[in-house]
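> Below is the structure, and that's it, no one-letter string:
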């Protein structure tokens, strides 16, 4: 132990003791207030204060503990482990540029005014006052930034942080703590140049491909291995949207730029900003790499080279995002590039879901959307040939990811067990990831709106980095859309367009079909959907939502009368919510648009396609032949301008059945039976009734897509058909 005497002068009291006294005696609430005043761009979340850097930039690269009860109060560190905060004194020195004497005077009301005696341990100081650096301070290494002619623009010196005994201090990752200071010619103290250059400019200008990394050490590691690498001065804390105008990215013009961010949140955020700035500077293309899964926090290019990582393979990985500048003054977009054979349109489900596009699957509540998508995902992952889903043959097999926001682990387990009672899933060729979000912390948004701007969430970005590294990915499902999108896509066209743009980006980058389960607008209980066009119009959301995806499939419940007939013909007990129709209601390419008929399997709850079975039962029967003949007769009469009516007037079907144009199979059929055939065609959505004049009734029969439906009907000479 040693006794240290000090009074109200700095000469009689050590700097360390003064710092300790200020931290101890200034009320913690006052320290928090001063912290906020020093960094107005900072934000408080819980008991942590976030700021971009000690330069005052907005962001979350640095966090400071503001829990009054914490032993680490007013201490913190940036996410890279480089810059630390050791209390309110350092905050004032860094954030306001204050000297110790000024800080002491600022807190004079709280400090001792008379000479006092304290006792302290002689042990090492863990949080020393940061050294004040200048041009004469010894440094550990130096990185020189030059222009194209080799003239020095700025030099960056690295200082390894040491404790009072001279031993290096380590950050949380176990790496030595270090600090960097820039110096310009003729200035003795640390200072950034007015325009901040890129590192390694001469080699950038001589290369077509440039790799950006975070920090000079990483850049030199790559440069020493035959690549051309660069970085921005000051690391993650110096470059923000606010300071970006001070940085010069012009050397990247017409270059192919590859971004290799550090494996942490701050590195990814900085790389996102670099991507935008490089494109704005005229880069030909900018490719963002995603660090491989399993790499530790902060893993970077220098670590990769040290561990013998395959750099070339990583640079050519599929786990990357490329953005390209549009230049109409060169040949990059010339039609001449389309000289080879056009690529084949691949389908995930034959004639139903294209591969690698955004898709909406819409149905009313309780239809069983989740069960249908789960069944499809299991079959795609199984690798089994000749399996079907949604009424089509599965054409592609591979890995699948399903995010469900409403069904928990237990419910998903029950569903999977019903669909696969013999546990064949244990031998699937491919991987199926089922993520029940209620069991893993709740739902994350893939897109949110904030004051009219749309962006992805940090949670999704982290998961998406993992998705990009999944090989042979064929399907991604989000169920339901409303849980994953925190924006009003149902009313705001801009939100709908932003969402579909994001989905298209995900589909393009992953090569997978991205399917969103969505709801249809509720209709009156006595209302019936008869056509795919009606179903499309009932998908919730603005037109931008459906128009913006490449494919949309809808499922709707059939009316009770027709449902009973379907169940009777199939020998299935009738229950409500059993019979559904479905169809592709939107497609930007070739598709099978026929209406498909689904019956619920009472053992599994899955809607099963029975279209072929129903068709084979009906084809060739007297009933179906008569219904087809009645439809053709009604359609022919409409096209000739001699439309029929159901039961009234001289044009009623039972009166006109005596005419020579009546199909032979309908001649001699009773009045009640003919009228029943008309009702069945109406129930099936094949025909409907129209009104021809403002004062006339809705009595004229026509096909749902015939001339009357388009307002093109012209009456001719059929009795009173005028």
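Cool, the structure landed. As the structure is a computational prediction, the values presented were derived from the model and not from experiment. Residues are numbered from 1 along each chain as shown.
> Please identify which helix or strand holds residue 474.
Element membership of residue 474 [criterion: DSSP states H and E] is strand 473-479.
> Pull the distance from the very next helix or strand once past that strand to the chain's centre.
Counting by DSSP H and E, the next helix or strand C-terminal to strand 473-479 is helix 481-484. Chain-centre distance of helix 481-484: 12 Å, with Cα atoms, centre = their mean, to the nearest Å.
> just checking, what packs against helix 481-484?
When contacts are defined as 3 or more Cβ pairs under 8 Å, 6 or more residues apart in numbering; DSSP states H and E, helix 481-484 packs onto strand 513-519. The way it works is simple: take the backbone N, C-alpha and C, and place the C-beta from them, glycine included.
> next helix or strand past the strand it packs on?
helix 532-537.
> What distance do you get for the spatially most central residue of the chain to residue 320?
Relative to the mean C-alpha position of the chain, the nearest C-alpha, by Cα atoms, centre = their mean, is the one of residue 446, at 4.4 Å. Here residue 446 is placed at a distance of 20 Å from residue 320 (Cβ to Cβ, to the nearest Å).
> and what of residue 243?
Taken as Cβ to Cβ, the span from residue 243 to residue 320 is 27 Å.
> do residue 498 as well
Taking Cβ to Cβ, one finds residue 498 at 23 Å from residue 320.
> Looking at those two, which is more packed in?
For residue 498 and residue 320, the more surrounded residue by other Cβ atoms under 10 Å is residue 498, and the numbers stand at 21 against 17.
> Surely that one is in a helix?
Yes - assignment of residue 498 by DSSP: H, G, I helix; E, B strand; the rest coil places it within a helix.
> How about it: what's its closest non-neighbour residue?
Distances taken as Cβ to Cβ, 6 or more residues apart in numbering place residue 454 nearest to residue 498, at 3.9 Å, with adjacent residues excluded.
> Over to that neighbour. Which of the three states is it?
strand.
> just residue 461 next, same as before
Look at residue 461: counting by three-state DSSP, its state is helix.
> so who does it touch?
Residue 461 makes contacts with residue 268, as judged by Cβ atoms under 8 Å, 6 or more residues apart in numbering.
> I would like the residues contacting whichever strand or helix holds residue 145, please.
Per DSSP H and E, residue 145 falls inside strand 141-146. Strand 141-146 has contacts (Cβ under 8 Å, 6+ apart) with 152-158, 197-199, 201-202, 216, 220, 233.
> Now, those that are in helices?
Using DSSP state H, 201, 202, 216, 220 are the members of the contacts of strand 141-146 that sit in helices.
> Looking at those residues, which is nearest residue 459?
Closest to residue 459 out of the ones in helices among the contacts of strand 141-146 is residue 216 (32.2 Å), distances taken as Cβ to Cβ.
> Quick check: that closest one vs residue 297, distance?
21 Å.
> Compare those two (neighbour count), which wins?
More crowded of residue 216 and residue 297, by other Cβ under 10 Å: residue 216, with 24 against 14.
> which residues in the stretch 101-250 of the chain form helices?
Along the stretch 101-250 of the chain, the stretches classed as helices by DSSP state H, counting those that start in this stretch are 201-205, 216-223.
> deepest of these, which one?
Mean neighbours per residue, mean count of other Cβ atoms under 10 Å, is largest over those for helix 216-223, with a mean of 21.
> quick one: that one to chain centroid distance?
On Cα atoms, centre = their mean, the centre of helix 216-223 falls 32 Å from the chain's centre.
> helices or strands next to that helix in the packing?
Counting by 3+ Cβ pairs under 8 Å, 6+ apart, the packing neighbours recorded for helix 216-223 are strand 209-213, strand 229-230, helix 301-306.
> Let me have these in a markdown table, adding distance to residue 539 as columns.
Formatted as a markdown table, the helices and strands packed on helix 216-223 follow (distance: least, Cβ to Cβ, whole Å):
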| stretch | distance to residue 539 |
| --- | --- |
| strand 209-213 | 43 |
| strand 229-230 | 48 |
| helix 301-306 | 47 |
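> which one of these is the most hemmed in?
Per-stretch averages of neighbours, counted by mean count of other Cβ under 10 Å, single out strand 229-230 among those, with a mean of 26.
> Which secondary structure elements does that strand sit against?
For strand 229-230, the elements it packs on are strand 209-213, helix 216-223, judged by 3+ Cβ pairs under 8 Å, 6+ apart.
> After that strand, which helix or strand is next?
In N-to-C order, the element after strand 229-230 by DSSP H and E is strand 256-260.
> so what strands line up beside that next one?
strand 209-213 (parallel), strand 285-289 (parallel) (DSSP bridges).
> Can you say which of those strands is nearest to residue 644?
Evaluated with Cβ to Cβ, the strands paired with strand 256-260 place strand 285-289 nearest to residue 644, the distance being 63.5 Å.
> Roughly how far does residue 139 sit from residue 86?
Distance of residue 139 to residue 86, given as Cβ to Cβ: 21 Å.
> Please compute how far stretch 225-238 lies from its chain's middle.
That offset, for stretch 225-238, works out to 28 Å (Cα atoms, centre = their mean).
> go on, stretch 243-258?
Centroid separation for stretch 243-258 versus its chain: 27 Å, with Cα atoms, centre = their mean.
> got the end-to-end distance for that stretch?
Counting by Cα to Cα, to the nearest Å, you get 22 Å between the two ends of stretch 243-258.
> Can you point out the buried residues in that stretch?
If you call a residue buried by 16 or more other Cβ atoms under 10 Å, then stretch 243-258 has these buried ones: 243, 244, 247, 248, 249, 251, 252, 255, 256, 257, 258.
> hmm, which two among these are most spread apart?
Using Cβ to Cβ, these reach their maximum pairwise distance at 243 and 256, which is 25.9 Å.
> so how many other residues sit close to residue 566?
Residue 566 has 22 neighbours, counted by other Cβ under 10 Å.
> Can you list phi and psi of it for me?
phi -60, psi -50 (degrees, to the nearest 10).
> Now do it against residue 578, distance only.
Per Cβ to Cβ, residue 566 is found 8 Å from residue 578.
> any common contacting residues for those two?
572, 599.
> Not counting its neighbours along the chain, what's nearest residue 713?
residue 707 is the one closest to residue 713 (Cβ to Cβ, 6+ apart), at 4.3 Å.
> Repeat that for residue 519.
Nearest non-adjacent residue to residue 519, counting by Cβ to Cβ, 6+ apart: residue 540, 5.2 Å away.
> helices and strands of this protein: which one has the lowest mean pLDDT?
One helix or strand of the chain scores below all others by mean pLDDT, DSSP states H and E: strand 2-6, with a mean of 30.
> In the next helix or strand after that strand, which of the residues would be classed as buried?
Downstream of strand 2-6, the first helix or strand assigned by DSSP H and E is helix 15-25. Across helix 15-25, burial judged by 16+ other Cβ under 10 Å covers 18, 19, 20, 21, 22, 23.
> what packs against helix 15-25?
Checked by 3+ Cβ pairs under 8 Å, 6+ apart, helix 15-25 has strand 2-6, helix 88-96, helix 100-106 packed alongside it.
> quick one on the thing from earlier: how about a markdown table for the ones in helices among the contacts of strand 141-146, with distance to residue 55 added?
Formatted as a markdown table, these follow (distance: Cβ to Cβ, whole Å):
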| residue | distance to residue 55 |
| --- | --- |
| 201 | 24 |
| 202 | 29 |
| 216 | 19 |
| 220 | 25 |
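> How many neighbouring residues does the closest residue in space to residue 706 that isn't next to it in sequence have?
Once flanking residues are discounted, residue 706 sits nearest to residue 638: 5.0 Å by Cβ to Cβ, 6+ apart. Around residue 638 there are 22 other residues, counting by other Cβ under 10 Å.
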